[in-house]
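[1] no letters, just coordinates:
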């Protein structure tokens, strides 16, 4: 079984016919480091699964890049809500490493949802997990000190520290590079 199907079946059991249909629709692709995989999350037409590589979602605010999240191996990338830009902010997904993905279009997903109730349930589970990750990040920004956010980041994403730039990590944690450097020096 591919990493993509292993990921899906670990979230929810799928019937053999659902697995077959997913295999028939899923498209594998490879992309280069620094490539923009998704120019605008609000209009994205595909859901992506990262088999290998690293991505980040970001947007510009007052002339500065703000990193929203990181996508690692065995993670799904895609919009939580499509066609709903917030304050006309364009969120992009950039690849930070050479990356291999599996993609399924939202149109094809809708067909799978209609045909297979187990796939529809799986879609709900994936959406709930994405919302829980967003809530955890919001709670972290609102309730934890900068040092606590950094410690939680190291616990949640131990390999990411070596793979992403400190500028992107600082932005993701809601702090500037100077603050992150001071925190790291104290450890």
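    Received the coordinates, thanks. This one's a predicted model, so the numbers in the text were calculated from it and none came from an experiment.
[2] helices of the chain, start to end?
    Secondary structure of the chain, counting by DSSP state H: helices at 3-11, 16-25, 106-115, 117-143, 146-156, 160-163, 166-172, 177-186.
[3] what's the second one in contact with?
    The contact list for helix 16-25 (Cβ atoms under 8 Å, 6 or more residues apart in numbering) reads 2, 5, 8-9, 14, 104-105, 108, 112, 115-116, 118-119. Bear in mind the C-beta positions are built from the backbone N, C-alpha and C, glycine included.
[4] closest to residue 145 among those residues?
    Comparing the contacts of helix 16-25 against residue 145 with Cβ to Cβ picks out residue 8 as the nearest, at 37.1 Å.
[5] my read is that the closest one contacts residue 14, right?
    Yes. Here residue 8 lies in contact with residue 14, judged by Cβ atoms under 8 Å, at a distance of 6.4 Å.
[6] so what sits against both of those two?
    With Cβ under 8 Å, 6+ apart as the test, residue 8 and residue 14 both reach 22, 122.
[7] settle it for me: which of these two has more neighbours?
    Ranked by neighbour count (other Cβ atoms under 10 Å), residue 8 and residue 14 place residue 8 first, with 24 against 19.
[8] tell me the domain ranges of this structure?
    3-142, 144-187 (automatic domain parsing).
[9] tabulate these (CSV), appending mean pLDDT.
    Below are the domains of the chain laid out as CSV (pLDDT from 0 to 100):
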stretch, mean pLDDT
domain 3-142, 92
domain 144-187, 93
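[10] who does the closest residue to residue 39 other than its chain neighbours bridge with?
    The shortest distance from residue 39 to any non-neighbouring residue, by Cβ to Cβ, 6 or more residues apart in numbering, is to residue 92 (5.9 Å). Assessed by DSSP bridges, residue 92 has beta-bridge partners residue 58.
[11] distance of residue 92 from residue 173?
    19 Å (Cβ to Cβ, to the nearest Å).
[12] neighbour count: the two, which is higher?
    Neighbours per residue (other Cβ under 10 Å) separate residue 92 from residue 173, with residue 173 holding more: 21 against 17.
[13] the more buried one and residue 153 touch, don't they?
    Yes. With contact defined as Cβ under 8 Å, residue 173 counts as touching residue 153 (6.0 Å).
[14] follow-up on the earlier one: which residues does the residue nearest to residue 39 contact?
    By Cβ under 8 Å, 6+ apart, residue 92 lies in contact with 36, 38, 39, 40, 41, 57, 58, 59.
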